[in-house]
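**Student:** sequence and computational prediction follow.
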Amino acid sequence: MDPEELRVDPRTGRYWWSQEGDRPTAADAPLIQQSVRIADAAGAYRGRFRLPDDYRCTRGDQGPRRNKGVEAITFGARGSTFTSALEGPLLQDGPEPDLRHGALVRVTRQNRDGAVLRQFAYPLEKIFTESDPSSPWPPDTGVPAILAFPDDPDRYLVLERTWVAGAGYRIRVFDATARGATDVRRMSSLAGRAVVPMRKRLVADFHDLGLTTVVNTEGLTWGPRLPSGERTLLLVSDDNFAEDEATQFVALALRDR
């Protein structure tokens, strides 16, 4: 198991959580499919949600990359829809972002029974700076969390998390809309296709917030509305069980435009 995002079902109060499985690098290692599982308040297993067919991990040149599967999940339309986003582009959809180009990642809206209603391409930002040339680790970027606006079925907040050796983390939150975006659910590949992606605008860049440190932030959810009318947005990091990382909570006031 590689648990990622956790959501509370607004209709039942049960917990839905994503895990991105494993696309092994060794031929004799098991292939583990990603999934969304359902638990009750005590943690007991209560079922599994059916993800789209193109989310399936393979040993070939199709499907999600290793560690770039489904993390981001959210309920929309007051619990009648369920949206998920892959962390990175499918293998057949093109390369991962670099210093010159971003990438397209798939965002899928389904009903509660698992039927795909629409699928969109979200434009992931390019890598923001060069890596330390002495580091063996390549840059890592993707979408770890997505959050639906309660009253707009086409609108989401999307969290983009990027790590670059020598530069650290860059965390950005975008306001994205699927209105007018191409429905790509029947496209086996997005590479070279004329696709209208989701439109987005920057809401917050952690480098502009005056934080002492910017860490591996991977979760976001709505908080209470403030007396001023602003909506609270809560974010949390994943410390990867590493001594040099931290669990950090950040609360932002979001003013809707």
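**Tutor:** Sure thing, it's come through. Note that the coordinates shown come from a computational prediction; the quantities given were computed from them, not determined experimentally. Numbers count the residues shown, from 1 in each chain.

**Student:** in what helix or strand does the residue of the chain most remote from its centre lie?
**Tutor:** Going by C-alpha atoms, centre = their mean, the residue of the chain most distant from its centre is residue 227, 30.2 Å out. Here residue 227 is covered by no helix or strand, with elements defined by DSSP states H and E.

**Student:** now do the same for it: its pLDDT.
**Tutor:** What the model reports for residue 227 is a pLDDT of 94.

**Student:** then residue 24?
**Tutor:** As predicted, residue 24 sits at a pLDDT of 87.

**Student:** isn't there a helix covering it?
**Tutor:** No - Residue 24 is assigned coil when assessed by DSSP: H, G, I helix; E, B strand; the rest coil, not a helix.

**Student:** number of residues surrounding it?
**Tutor:** Per other C-beta atoms under 10 Å, the neighbour tally for residue 24 reads 14. Every C-beta, even on glycine, is put in place using the N, C-alpha and C of the backbone.

**Student:** now it: how far from residue 191?
**Tutor:** Residue 24 is 24 Å from residue 191, where distance means C-beta to C-beta, to the nearest Å.

**Student:** please apply the same query to residue 180.
**Tutor:** Counting by C-beta to C-beta - residue 180 and residue 191 are separated by 22 Å.

**Student:** again with residue 101
**Tutor:** Computed as C-beta to C-beta, the residue 101 to residue 191 distance reads 12 Å.

**Student:** now do residue 207
**Tutor:** For residue 207, the distance to residue 191 - C-beta to C-beta - is 32 Å.

**Student:** same thing with residue 250?
**Tutor:** Computed with C-beta to C-beta, the distance linking residue 250 and residue 191 is 36 Å.

**Student:** thinking again about what came up before, which one's more surrounded, residue 180 and residue 191?
**Tutor:** More neighbours surround residue 191 than the other of residue 180 and residue 191, with 15 against 11 (other C-beta under 10 Å).
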